[in-house]
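Visitor: Predicted model, plus sequence, below.
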Amino acid sequence: MTTTAVKTGFDTQFLGTEAGLPVLTEQGAADAVELGGETTIDYTHFSLAMSKSRRFASWVAWNIDGAEMKALSRNNIPFVKDPRIPAEFQTGDELYRDNRLDRGHLARRADLCWGPKAEAQRANKDSFFFTNITPQMDDFNQSTKEGLWGRLEDAVLADVDVDNLRVSVYGGPVFNVDDRIFRGVAIPREFYKAIAFVVDGELRCSAFLLTQNIVLAEALDLDEFRVFQVSLTELEKRTSFTFPASLHAADTASVQLLDVEERKPLDSLADIRW
C-alpha cells in the first residue's frame, strides 16, 4: 500500500469554514521540535507540535468525520517513536513499564479511523506514535463521573445537530512547573480539549479542562479528576500557544474566571453548554 493518496495533517477547512491551528508563543516555538523547518508535524487526520523540554505534544489537532467512521482493530499495532523526530525528544516504553501508567492517546484512536479503508487504516496506525501519547493512569477515562472526559467527542455528535457530522478537536496536556517527576519525566496532571463544530452554518467551540486540586506527592496514586468547562482564553493562560481568532469568536463559554476552583465541575454531559 502506498501513502501518496492518503491525506495527511489537520484540515483547517474541514468544517466548511476556517478553523485554524494553534499558534505557538515565542517561548513555545523556541521549545518546539522542528521537522523540515516547521513546528507543525502532520499525520493522517491530525497534526501536532512537540515540546523538546517536556517530550510530549503541547497540542494535537484532529478532524473527526462521524459519517465515515470505520471500526478497526487495534490489535498488533505497536506503540513506536516517530523516526522523523529525534528520539531524545520523545518518551517511549521505558516510562510505562511496571507501573499503573497507561500509554494514553491524545487524539483518540477511534476518532481518527474514518474515510476510505486504506486512509482509515493509516490513521489507526499513526495514532500509536508516541508523539500522540501521554502517560495517563490506568483508570483515566473512567476517573471522572460517568467517564465524562473520554466521551466528550461522542457527546457533541449525539447531543447537537452538528452539520455533516463533522467535528474538529484540539487537545493536549498542560505543562505545570510543579508536575511530578517520574523516571526523569514530568508527568502532566492536567489536560485540555476544545471541540469545534458547526450548527446551521454557525461555528461553535466548547473548551474543557481536566484537572486535580493536588500536587502529586511521592506516590503515583492520583486523586479524582474533575472536568470544567472553560474559555479558550483560560486555556491560553495555561499553555504555550494561542487559539485562532475564529475559534475565540465561536467560544460557547459563558464565564471567564481565572481560577477553576471558583466554579462547579461538570457532573454529567448534560451540564455542558454546547
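Guide: Right, received. Where do you want to start? No experiment lies behind these values; they were computed from the predicted model shown.
Visitor: Send over stretch 112-121 as PDB, restricted to the C-alpha atoms.
Guide: Extracted as PDB, the C-alpha positions of stretch 112-121 are listed here (Å, rounded to 0.1, in the frame of the first residue of the first chain):
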ATOM      1  CA  LEU A 112      -9.200   9.100  13.500                       C
ATOM      2  CA  CYS A 113     -10.400   5.900  11.900                       C
ATOM      3  CA  TRP A 114     -12.600   7.300   9.100                       C
ATOM      4  CA  GLY A 115     -12.600   7.700   5.300                       C
ATOM      5  CA  PRO A 116     -11.600   5.200   2.700                       C
ATOM      6  CA  LYS A 117     -10.300   1.900   4.300                       C
ATOM      7  CA  ALA A 118      -6.700   2.500   3.400                       C
ATOM      8  CA  GLU A 119      -6.800   6.000   4.800                       C
ATOM      9  CA  ALA A 120      -8.600   4.900   8.000                       C
ATOM     10  CA  GLN A 121      -6.000   2.100   8.500                       C
END
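Visitor: mean confidence for that stretch?
Guide: For stretch 112-121, mean pLDDT rounds to 95.
Visitor: Identify the residues contacting it?
Guide: 1, 5-7, 44-46, 62, 64-66, 68-72, 123-124, 126-127 (C-beta atoms under 8 Å, 6 or more residues apart in numbering). Bear in mind the C-beta positions are built from the backbone N, C-alpha and C, glycine included.
Visitor: Quick one: buried ones out of the residues you listed?
Guide: Among these, the ones that count as buried by 16 or more other C-beta atoms under 10 Å are 6, 44-46, 62, 64-66, 69-70, 72, 123-124, 126-127.
Visitor: Span of stretch 66-82 from start to end?
Guide: 27 Å (C-alpha to C-alpha, to the nearest Å).
Visitor: Oh, that last question was meant for stretch 176-190, not what I typed.
Guide: 8 Å.
Visitor: Give me the buried stretch members for it, please.
Guide: Quick answer for stretch 176-190 (16+ other C-beta under 10 Å): 179, 180, 185, 186, 187, 188, 189, 190.
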